[in-house]
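Q: here is my input, please return the structure:
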Amino acid sequence: MIRNEARGLRFGQEGEVQNMSRTEFTTVEMRVGCMVSAELFPAARKPAYLLQLEALSGKSA
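A: Sure, this is the predicted structure:
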């Protein structure tokens, strides 16, 4: 099994995504925001967009 630490995903054989345990889920950092703009990013090797995001402030319970 390969673990992608940056994204918190676990992959089984042939790219199969497996579920996280509750303990693993509580360690994931999630952020919420709004997309301000999206532009084509011609410098990328593969087709991609350059996103401008605005983070939302404040915390809710």
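Q: can we go C-alpha only for contacts and neighbour counts from here?
A: OK.
Q: this structure: strands as residue ranges?
A: Assigned by DSSP state E, the chain shows strands spanning 2-4, 9-11, 17-18, 33-40, 49-55.
Q: tell me the most buried of those?
A: strand 9-11 (a mean of 15; mean count of other Cα atoms under 10 Å).
Q: ok, and what's touching stretch 27-34?
A: 8, 53-56 (Cα atoms under 8 Å, 6 or more residues apart in numbering).
Q: want to throw those residues into TSV with distance to Ala43?
A: Formatted as TSV, these follow (distance: Cα to Cα, whole Å):
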residue	distance to Ala43
Gly8	28
Leu53	19
Glu54	23
Ala55	25
Leu56	29
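Q: can you list those in JSON lines and add pLDDT and distance to Asn19?
A: Formatted as JSON lines, those follow (pLDDT from 0 to 100; distance: Cα to Cα, whole Å):
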{"residue": "Gly8", "pLDDT": "52", "distance to Asn19": "10"}
{"residue": "Leu53", "pLDDT": "90", "distance to Asn19": "28"}
{"residue": "Glu54", "pLDDT": "91", "distance to Asn19": "29"}
{"residue": "Ala55", "pLDDT": "85", "distance to Asn19": "27"}
{"residue": "Leu56", "pLDDT": "81", "distance to Asn19": "28"}
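Q: and which of these is nearest to Glu16?
A: Each of those was checked against Glu16 using Cα to Cα; the closest is Gly8, at 14.1 Å.
Q: how close does Leu40 sit to Glu54?
A: 18 Å (Cα to Cα, to the nearest Å).
Q: and stretch 43-52, end to end?
A: 16 Å.
Q: tell me the mean pLDDT over that stretch?
A: Averaging pLDDT along stretch 43-52 gives 93.
Q: show residues contacting that stretch.
A: Contacts with stretch 43-52, where a contact means Cα under 8 Å, 6+ apart, come from 35-42.
Q: want to throw these into a markdown table with distance to Ala48?
A: Converted to a markdown table, the contacts of stretch 43-52 look like this (distance: Cα to Cα, whole Å):
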| residue | distance to Ala48 |
| --- | --- |
| Met35 | 15 |
| Val36 | 16 |
| Ser37 | 13 |
| Ala38 | 10 |
| Glu39 | 9 |
| Leu40 | 6 |
| Phe41 | 5 |
| Pro42 | 7 |
